[in-house]
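Engineer: The following comprises the amino acid sequence and a computationally predicted model.
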Amino acid sequence: MPTLTIEYRDENERLALEQAIAYISDLRQLAIDAPTGTVLDACEGLVLDKGRALLRSTLAAALHGRIAVAEQKGGTLAPAPRRTPGAPRGRTGGPS
């Protein structure tokens, strides 16, 4: 069986790469194992569920990496933009 060597910069990147490999492996195996006539639906369900989870985790890893680099450099704090007067207030998704 062929092997793959991957270089990564930090643990967040390593975890994201491992998750991506597992996702592709799961998708491929599901396509092989799904009964005839259900392959597309089965794979689409996995893509929607695990694909979104993979995107969320890789986005989080990228942001954590950016924060870590900024903290190492001792970056300056940037002010948050002020709310424009009269602009509608959006929902934050938090508890009400």
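Structural biologist: That came in fine, so what should we check first? Residues are numbered from 1 along each chain as shown.

Engineer: Can you show me the helices along the chain?
Structural biologist: Applying DSSP state H to the chain gives helices spanning 11-33, 39-46, 52-73.

Engineer: Kindly reformat the ones you listed as a markdown table containing distance to Pro81 and mean pLDDT.
Structural biologist: No exception for glycine: its C-beta is placed from N, CA and C like everyone else's. Shown next, in a markdown table, are the helices of the chain (distance: least, C-beta to C-beta, whole Å; pLDDT from 0 to 100):
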| stretch | distance to Pro81 | mean pLDDT |
| --- | --- | --- |
| helix 11-33 | 27 | 93 |
| helix 39-46 | 39 | 95 |
| helix 52-73 | 18 | 86 |
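
Engineer: burial of the nearest residue to Ser57 once chain neighbours are set aside, as a residue count?
Structural biologist: The shortest distance from Ser57 to any residue other than its chain neighbours is 5.9 Å, reached at Gln19 (C-beta to C-beta, 6 or more residues apart in numbering). By other C-beta atoms under 10 Å, 16 other residues sit near Gln19.

Engineer: I'd assumed Arg56 was in contact with Gln19.
Structural biologist: No: counting by C-beta atoms under 8 Å, Arg56 is not a contact partner of Gln19; they are 10.4 Å apart.

Engineer: For the closest residue to Ala61 other than its chain neighbours, which residues are in contact?
Structural biologist: Excluding its sequence neighbours, the residue lying closest to Ala61 (C-beta to C-beta, 6+ apart) is Asn12, at 3.8 Å. If you count contacts by C-beta atoms under 8 Å, 6 or more residues apart in numbering, Asn12 has them with 61-62, 64-65.
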